[in-house]
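# Could you look at this predicted model? Sequence included:
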Amino acid sequence: MGKVVLVTGVARRLGGRFVRRILREPDVDRVVGVDAVPPGHHLGGAEFVRADIRQPSVAGVLAEHGVDTVVHLDVSGVQLLPGTRASVKETNVIGTMQLLGACQKAPSVRRVVVKSSTNVYGSSSRDPAVFTETTPAKALPGGGFTKDIVEVEEYVRGFARRRPDVAVTMLRFANILGPGADTPLAEYFRLPVLPTVLGYDPRLQFVHEDDVVEVLRLAAGEPRRGTLNAGTFNIAGDGVLLLSQAARRLGRPTLPLLLPAIRWTGTALRTVGVTDFSAEQIRLLTHGRVVETTQMREVLGFEPRYTTAGAFADFARAGGPGLLPPERLAHAVDRIEEVVRHG
Amino acid sequence: MADAKVIPFDDDRSRGAPGRSGPGRTAPDRPARGRAAGGGRRTGGDDGRTGQEERGGTRKPLTAVSGAGSRAGSGSGPGTRREDRGDRGDWDRRIAEGLAFLRRRVTGEYEVDEFGYDADLTDHVLMSMLRPVYEKYFRVEVLGIENIPSEGGALVVANHSGTLPLDALMLQVAVHDHHPAGRALRLLAADLVFMLPVVNELARKAGHTLACAEDAQRLLERGEVVGVMPEGFKGLGKPFSERYKLQRFGRGGFVSTALRAGVPIVPCSIVGAEEIYPMVGDFRTLARLLGIPYFPVTPTFPWLGPLGMVPLPTKWTVQFGEPVPMDDYPPEAVDDPMLMFNLTDQVRETIQHTLYRLLVRRRSVFF
């Protein structure tokens, strides 16, 4: 008998892609997609159940379909439909609580995979340069997505203690990028001029959407020989890009602003609905964040196809040229060289 | 406390001999060495090597030193002739290099490591900006650079002084320009550095990182040469009256980090940095208001405003000592506080004695 996988948050791009991918797995029998809103994209034959994970009704779905693998992707910093920050927080925190409560009552559940984020480490000047899975966060903001994710992880750890027979995997993703990424950072990089924090050049790390889907598939399946897919893992592409470097590769000019000015710009941009320029995003763009991925390679046995630079290049290709395309700048330098040599 | 206790080192005598035997006689060769270093700068690669030979020479009796000095002095003749011939080609090469650098910068096609170390920028811009200060202003003399291993990790432990951490930057230039294997020194900096805008950005790009055990360990395990100044602000902001008296070496965390990574500790003594800003007072209240560890008062600062921030042009000496091996201890030795204290003291004493020796040798603060 094959596996029955329940995926939450399928109305999002990533959820949809993951459902379509896991359906192709030979040992997967059925996939049940759950979300509070119907997805705009097709789910490739998966069953869609419209349910709000904030309600106890999700327990019924688990029991009805005899689900044995739960992939919880409905943890996100931005909302699909226009709404308040409070409802995002509720979906993240209360939703996870309800879902895990339902899992605890469902004897059929054998495996739980939760999408987390490297946001749990926070971002400050007093942190070590590279976070490992065991690094405690030095300074966490009092609210926002970071606080949600810290609470979500707390619940997941509690669940893992109460149900030691269930393999629990938490994947802490770095900033997800890809041709169609809809994360706040991707939206930021689509601005024609990038506001940056004056006097700071953060180190950023990206993970490609394809790698995200792939590692989720790896975590949702049986572990391969010599690997272990239960536990907490940082997921990020190799290497690091500085924000200034990323902006140059993207061909978009930067506009360094003082910290108060950038907060004000953020509020203004949020009001007109261009991008979600939240406090924690500003912190990320100030201090940056880099995680270690040794555990991902050696324990989980996952090798990302895209490096940080590769994921970013793929994103940049899809986004179209900026105001200062690097090719044109390189050409200008060549022209200067010509003039200097022969002029 | 232990400052007064003098532990004799065998190698001290041989190395310190030229200085002690006749401070007056070492005098003539000093300017010669300075000239040689200045003249050799045009040919980047050569400079390190000539400097190397000379420095090796200081270990030998005095005649060898002056020999090296005069050799370098006479050597400047052919050097200039070669320069004239290759002038045109040299310029072309420089322009090509500069434009290639510019092209990499505008397109973002360069690499940074996970600490944010931008080797391209450091080699081409940051070091070139510090080099005049290093060579012309402080006229840094480097001794014993060969004590830093050519490959593998090492922890360089140095004294800290001078109100502003110029000594750390000069140490970085010293290793960058003089080490035969062209090693890069990765400095560990205080958290204040990473709180300040612009400063944090430049520090990260120059390869510095936060002074914490995790970062130090990671760098050492990658086989980097890491520089640390365990005195921290206690050493940097000590009053002028306490110059060249080493402060407490923190809790000796650097020893356990080096021991865990199994890399040698290279003690390093820097003479000359103490006098660049003679700190005669400290506005404690103002410092607390600004959130900085001290607010220095020197004979010129803050009285002359920005002009008072110009450091005094002292003559510096940087001496790297014999490496203290750490790989013959078992890993559990890290949990032995007595051993950690002893090793910390040993390193501290070595630096302190070298400082005293260099001070005795020194002819004047400014020459």
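Done, it's in. As the structure is a computational prediction, the values presented were derived from the model and not from experiment.

# OK, now which residue of the stretch 151-300 of chain A is nearest to chain B?
residue A:199 (2.6 Å; CB to the nearest CB). Using the backbone N, CA and C atoms, a C-beta is placed for each residue, glycine as well.

# Tell me which residues touch residue 121, please.
Went with chain A since none was named. A:127, A:131, A:135, A:137, A:289, A:291 (CB atoms under 8 Å, 6 or more residues apart in numbering or on different chains).

# ah, no, chain B please
Residues in contact with residue B:121 (CB under 8 Å, 6+ apart) are B:105, B:110, B:205.

# Weed out the non-buried ones from those residues.
Taking 16 or more other CB atoms under 10 Å in any protein chain shown as the criterion, what is buried in those is B:105, B:205.

# Go through the contacts of residue B:121 and name the one nearest residue B:217.
Using CB to CB, residue B:205 comes nearest to residue B:217 of those, at 21.8 Å.

# Quick check, the closest one in contact with residue B:118.
Yes: between residue B:205 and residue B:118 there is a contact under CB atoms under 8 Å: 4.2 Å.

# Filter the contacts of residue B:121 down to just the ones in helices.
Counting by DSSP state H, these place B:105, B:205 in helices.

# Run through the contacts of residue B:121 and flag the ones next to chain A.
B:105, B:110, B:205 (CB under 8 Å from any CB of the partner chain).

# show me the contacts for the second one.
The reference is to residue B:110. Here residue B:110 is in contact with A:245, B:104, B:118, B:120, B:121 (criterion: CB under 8 Å, 6+ apart).

# if you set the cut-off to 10 Å instead, what comes out?
Residue B:110 makes contact with A:242, A:245, A:248, B:101, B:104, B:118, B:119, B:120, B:121 under the criterion CB atoms under 10 Å, 6 or more residues apart in numbering or on different chains.

# neighbours of the closest residue to chain A within the stretch 101-250 of chain B, just the number please.
Using CB to the nearest CB, the single residue of the stretch 101-250 of chain B nearest to chain A is residue B:197, 2.6 Å away. Residues lying near residue B:197 (other CB atoms under 10 Å in any protein chain shown) number 14.

# shouldn't it be in contact with residue A:286?
Yes: if you go by CB atoms under 10 Å, residue B:197 and residue A:286 touch, sitting 8.9 Å apart.

# hey, where'd the strands end up in the chain?
Going with chain A. A:3-8, A:28-35, A:47-50, A:69-72, A:111-117, A:167-173, A:175-177, A:194-197, A:203-204, A:206-208, A:231-235, A:241-242, A:254-257 (DSSP state E).

# my bad, chain B
B:141-143, B:154-158, B:185-189, B:209-210, B:225-228, B:265-271, B:281-282, B:296-297, B:317-320.

# Just give the closest residue to the residue of the stretch 101-250 of chain B closest to chain A, not the sequence neighbours.
residue A:199 (2.6 Å; CB to CB, 6 or more residues apart in numbering or on different chains).

# quick one: contacts for that neighbour?
Contacts of residue A:199 by CB under 10 Å, 6+ apart are A:256, A:258, A:259, A:286, B:196, B:197, B:198, B:199, B:200, B:201, B:202.

# per-residue confidence at it?
If you check residue A:199, the pLDDT there is 92.

# same check, this time on residue A:5
pLDDT at residue A:5 comes out at 95.

# Identify the residues contacting it.
Contacts of residue A:5 by CB under 10 Å, 6+ apart are A:18-19, A:22-23, A:25, A:28-33, A:46, A:65, A:67-71, A:111, A:113, A:220-221.

# Narrow those to just the buried residues.
For the contacts of residue A:5, a neighbour count by 16+ other CB under 10 Å gives the buried set as A:18-19, A:22, A:28, A:30-33, A:46, A:65, A:67-71, A:111, A:113, A:220-221.

# pLDDT on stretch B:329-338, on average?
Averaging pLDDT along stretch B:329-338 gives 90.

# again but with stretch B:224-237, I slipped
For stretch B:224-237, the mean pLDDT works out to 94.

# Could you measure from residue A:255 over to residue A:138?
Plainly put, residue A:255 is 29 Å away from residue A:138 if you go by CB to CB, to the nearest Å.

# Do you know the pLDDT at the residue lying closest to residue B:143 once chain neighbours are set aside?
Nearest residue to residue B:143, sequence neighbours excluded (CB to CB, 6+ apart): residue B:319, at 4.3 Å. According to the prediction, residue B:319 has pLDDT 96.

# Please apply the same query to residue A:76.
Reported pLDDT for residue A:76: 84.

# number of nearby residues for it?
By other CB under 10 Å, 22 other residues sit near residue A:76.

# how much space between it and chain B?
Applying CB to the nearest CB, to the nearest Å, the value for residue A:76 to chain B is 27 Å.

# Go ahead and confirm that residue touches residue A:96.
No: here residue A:76 lies out of contact with residue A:96, judged by CB under 10 Å, at a distance of 11.6 Å.

# shared neighbours of these two, anything?
Contacts common to residue A:76 and residue A:96, judged by CB under 10 Å, 6+ apart, are A:148, A:149.

# Packed most tightly, which of the strands of chain A would that be?
Highest mean neighbour count among the strands of chain A (mean count of other CB atoms under 10 Å in any protein chain shown): strand A:206-208, with a mean of 28.

# Distance of the nearest residue to residue A:227 once chain neighbours are set aside relative to residue A:14?
Once flanking residues are discounted, residue A:227 sits nearest to residue A:301: 3.5 Å by CB to CB, 6+ apart. Separation of residue A:301 from residue A:14 (CB to CB) stands at 22 Å.

# So for those two, which sits in the more crowded spot?
Shown here are residue A:301 and residue A:14; by other CB under 10 Å, residue A:14 has more neighbours (23 against 15).

# Contacts only, for that one.
A:73, A:76, A:115, A:173, A:176, A:178, A:180-183, A:209, A:212-213, A:216.

# Quick one, which of those are buried?
By 16+ other CB under 10 Å, these give A:73, A:76, A:115, A:173, A:176, A:178, A:181, A:183, A:209, A:212, A:213, A:216 as buried.
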